[in-house]
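*Asks:* Compute the structure for the input listed below.
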Amino acid sequence: MTKLEQLIKELCPDGVKYKALGDVVEILDSQRKPVTKKDRQSGIYPYYGANGIQDYVNDYIFDGTFLLMGEDGSVINKDNTPVLTWATGKIWVNNHAHIMSEKNDIALLRYIYFYLSTLDVSQYVRGTPPKINQQQLRSIRVPLPPLPVQREIVRILDNFTELTAELKAELKAELKARKKQYEYYRDRMLTFEDDVSRVTLGEVARMLRGDYVTKKQTNPGNIPVILGGQEPAYYCDKSNHTGEAIVISRSGAYAGFVSYWNQPIFVTDGFILEPTDNITIRYLFHWLKNKQNDLYNQKRGGGVPHVRGTEIMEMVIPVPSLEEQARIGTILDKFDALTTDITIGLPAEIEARRKQYEYYRDKLLTFKEAGA
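*Replies:* Numbering: from 1, shown residues only. I've put the predicted structure just below:
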């Protein structure tokens, strides 16, 4: 039997009482002060709104440990849980967030935070834009086990949260290290002496222009639509290129971004590069990634930035023998795979840990109501 199970068996074997939130926390909304953006003076103190920190100001109106809940605007998440923020220290809170503090010897504020994180508050939301007014806030019912039980639940969930944060930090540090390692070897292997011939990109590759299309003009399917960045913008039911290809995004925030694809794709606002027999596609891809900043610097236009195909095809590329290109491509592919593996694994691992946390959190915070 765990410590928590023992505490529940000893202190609340027949269930727990449910109380209104307004009876178990101090609600400090009357002390909030909204300040318009033009009237704020920049400083070191966080200025909180409905969904977290909005700014930093030169003064504070609260000092301590608080739980904030969105009052209007950003009040409810996609899973119908409330928008919550845990805030500590000297802070300023505007009138778009309810502010709660701990009421001594009744409920731990951290326990209330964890419980509200599980709660469907859709029944408390009113109007457009959505709002949880103070009357609705006060009426939310929460299970209130004895304080020793609350403390043990908080200890378990805080420990879980800390372990998840450590995992994120470790995985991100590992990803950063692998990226640096890949970039180091890529830079080194793609630096050549004068004995290697150099030609323009247009002499060793063909450039095709994507077919501009909007999402409304396509039908849903399983073909990635490449607009910008590494991830597909959406999926459609037709392709305009099959097989291996290098795509360079043409305009917008990702203008100049280089990606490699080896499947049917639909390229919209971008260029498709196909190598000739004089160059291998993986060598060309790694060389272009090594020149990523140069491509970004080619952006033109005051409104929507874009890169020009003619300028790209005029870039000068070193062309070693096909055997050397294959060797370089193979080595850099291995380093790229190490980075890609953890890039894919990082979100998956964090998502698995998040689901595990939510499962145990929901289980720990589910109580039988006394007398029910």
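
*Asks:* can you give me the offset of the lowest-mean-pLDDT helix or strand in the chain from its chain's centre?
*Replies:* None of the helices or strands of the chain scores lower by mean pLDDT, DSSP states H and E than helix 322-364, at a mean of 81. How far helix 322-364 lies from its chain's middle: 15 Å, per C-alpha atoms, centre = their mean, to the nearest Å.

*Asks:* what's it packed up against?
*Replies:* helix 147-189, helix 281-290 (3 or more C-beta pairs under 8 Å, 6 or more residues apart in numbering; DSSP states H and E). Backbone N, C-alpha and C define where each C-beta goes, glycine included.

*Asks:* which secondary structure elements does the first one contact?
*Replies:* Right, the one you point to is helix 147-189. Helix 147-189 packs on helix 3-11, helix 109-116, helix 281-290, helix 322-364, going by 3+ C-beta pairs under 8 Å, 6+ apart.

*Asks:* repeat that with 6 Å
*Replies:* Judged by 3 or more C-beta pairs under 6 Å, 6 or more residues apart in numbering; DSSP states H and E, the packing partners of helix 147-189 are helix 3-11, helix 109-116, helix 322-364.

*Asks:* Tabulate those (CSV), appending mean neighbour count and distance to residue 229.
*Replies:* What follows is the helices and strands packed on helix 147-189, written out as CSV (neighbours: other C-beta atoms under 10 Å; distance: least, C-beta to C-beta, whole Å):
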stretch, mean neighbour count, distance to residue 229
helix 3-11, 14, 45
helix 109-116, 21, 35
helix 322-364, 14, 13
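
*Asks:* rewinding a little: the least confident helix or strand of the chain vs helix 3-11, what angle?
*Replies:* 10 degrees (axes from the mean of the first three to the mean of the last three C-alpha atoms, to 10 degrees).

*Asks:* how many degrees apart are helix 322-364 and helix 147-189 in direction?
*Replies:* Going by the same axes, to 10 degrees, helix 322-364 makes 170 degrees with helix 147-189.

*Asks:* Validate this expectation: residue 317 resides in a strand.
*Replies:* Yes: according to DSSP: H, G, I helix; E, B strand; the rest coil, residue 317 belongs to a strand.

*Asks:* OK, contacts around the closest residue to it other than its chain neighbours?
*Replies:* Leaving aside its sequence neighbours, residue 317 sits nearest to residue 201 (C-beta to C-beta, 6 or more residues apart in numbering; 5.5 Å). Contact analysis of residue 201 by C-beta atoms under 6 Å, 6 or more residues apart in numbering lists 313, 315, 317.

*Asks:* On the pLDDT front, check residue 201 for me.
*Replies:* On pLDDT, residue 201 comes in at 95.

*Asks:* With residue 315 instead?
*Replies:* At residue 315, pLDDT is 95.

*Asks:* Could you give the number of residues near it?
*Replies:* 15 (other C-beta atoms under 10 Å).

*Asks:* Distance of it relative to residue 192?
*Replies:* Residue 315 sits 15 Å away from residue 192, going by C-beta to C-beta, to the nearest Å.

*Asks:* Also residue 119?
*Replies:* 62 Å.

*Asks:* Please point out which parts of stretch 203-223 sit buried.
*Replies:* Going by neighbour count (16 or more other C-beta atoms under 10 Å), the buried part of stretch 203-223 is 204, 205, 207, 208, 210, 213, 218, 223.

*Asks:* what about the closest residue in space to the first one that isn't next to it in sequence, which SS state?
*Replies:* Sequence neighbours aside, residue 279 is the residue nearest to residue 204 in space, at 4.3 Å (criterion: C-beta to C-beta, 6+ apart). When the structure is split into helix, strand and coil by three-state DSSP, residue 279 lands in coil.

*Asks:* Look up phi and psi at residue 279.
*Replies:* phi -150, psi 140 (degrees, to the nearest 10).

*Asks:* looking at it, it is touching residue 206, isn't it?
*Replies:* No: counting by C-beta atoms under 6 Å, residue 279 sits too far from residue 206 to count as a contact (11.1 Å).

*Asks:* Please report the number of neighbouring residues for residue 140.
*Replies:* Residue 140, neighbours per other C-beta under 10 Å, totals 21.

*Asks:* That one is in contact with residue 20, isn't it?
*Replies:* No: using C-beta under 6 Å, residue 140 is not in contact with residue 20, being 7.0 Å away.

*Asks:* Please consider this matter closed, and thank you.
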